[in-house]
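**Student:** need a structure here:
(one chain, ligands or ions: 1)
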Amino acid sequence: MLEVRALRAGYGSTEVLRGLDLSVGAGEIVAVLGSNGVGKTTLNKVLSGILRANDGEIRFDGKLLTGASSADIVEAGLIQVPEGRKIFPNMSVRENLELGSYRRGRKRRSSNLERVFDTFPRLRERSGQAAGTLSGGEQQMLAIGRGMMAEPRLLILDEPSLGLSPLLVEEMFALICRLNDEGLPILLVEQNVVQSLECASRAYILENGMIALSGSAEQVRNDPELKRAYLGM
Ligand SMILES: Nc1ncnc2c1ncn2[C@@H]1O[C@H](COP(=O)(O)OP(=O)(O)OP(=O)(O)O)[C@@H](O)[C@H]1O
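**Tutor:** From the prediction side, this is the model:
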């Protein structure tokens, strides 16, 4: 459903993405993995319409989205949960969630809210609480819940495990796997190679703005170069 071809993007004269190809099929969970500064966030900025591509193509269900506005991208169902969660700490959990559905009518908003509360009972329990008082794991759930409120056809997660304790990281990946089991396609952009490869069906390793390695999670996990560089084996 998502096809990215020969994508080039950067900041001024600094090119960060240098001809990147990737795809996500219906029902898949695909990981884009790489260490600090390889261009993961830059890729997400381009996919969400915040940063303009210099060259290449982004298609979603055949529709060309390169150069489209963020509003059109969201309308197409390509929904991103940004790195660092970007929740509003002084607003309640419910108000934060409702922002995710602000383009929908009241009825749709409230049925989306029920669906999110069913997926995240902890958010229901804390719906009236200021979002800033939630734990780090709960804030990440809130960010994902807000993404779900926008009725995603594909969910892009930018480093969802960042800053979480090991136990919460386990919980977060279990949640991501569950959302995908329920049929939601996911592009998982992560530094956590081990956990992501357990969850993903396919993976891409991003290095210097290009795909250095790709294949099934199994193939990528067993690649000798990856084992040496990322897993210290
Ligand atoms: N606004 C910007 N202006 C100039 N250069 C930038 C800007 N944002 C990022 N960069 C540079 O682009 C490169 C890729 O950054 P990017 O944030 O995409 O990496 P990343 O893989 O997401 O890393 P991290 O895991 O640290 O978020 C880095 O060298 C970074 O310094």
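**Student:** What's the mean pLDDT across the helix or strand where residue 174 lies?
**Tutor:** Assigned by DSSP states H and E, residue 174 belongs to helix 166-181. Helix 166-181 shows a mean pLDDT of 91.
**Student:** gap between it and the chain center?
**Tutor:** Centroid displacement of helix 166-181 relative to its chain, using C-alpha atoms, centre = their mean, to the nearest Å, is 13 Å.
**Student:** How much space separates the spatially most central residue of the chain from the ligand?
**Tutor:** Residue closest to the mean C-alpha point of the chain, counted by C-alpha atoms, centre = their mean, is residue 157 at 1.4 Å. Remark: distance between residue 157 and the ligand (C-beta to the nearest ligand atom, to the nearest Å) = 13 Å. Every C-beta, even on glycine, is put in place using the N, C-alpha and C of the backbone.
**Student:** Could you check the pLDDT of that residue?
**Tutor:** Residue-level confidence at residue 157 comes out at 95, pLDDT.
**Student:** what's the one helix or strand it maps to packed up against?
**Tutor:** Secondary structure assigned from DSSP H and E places residue 157 in strand 154-158. Where contact means 3 or more C-beta pairs under 8 Å, 6 or more residues apart in numbering; DSSP states H and E, strand 154-158 is packed against helix 40-47, strand 78-81, helix 136-149, strand 186-190.
**Student:** For the ligand, which of those is the nearest?
**Tutor:** Taking C-beta to the nearest ligand atom, helix 40-47 is the member of the helices and strands packed on strand 154-158 nearest to the ligand, at 3.2 Å.
**Student:** ok, and what's touching that closest one?
**Tutor:** Residues from elsewhere that reach helix 40-47 (C-beta atoms under 8 Å, 6 or more residues apart in numbering): 4, 7, 9-10, 16-17, 20, 32, 34, 51-53, 58, 73, 78, 80, 82-83, 156, 158-159, 187, 189-191, 206, 209.
**Student:** related to what we said a few turns ago, the strand holding residue 157 to strand 186-190, inter-axis angle?
**Tutor:** Using axes from the mean of the first three to the mean of the last three C-alpha atoms, to 10 degrees, the direction of strand 154-158 lies 10 degrees away from that of strand 186-190.
**Student:** Name every strand pairing with strand 154-158 and say which way it goes.
**Tutor:** Strand 154-158 pairs in its sheet with strand 78-81 (parallel), strand 186-190 (parallel), by DSSP bridges.
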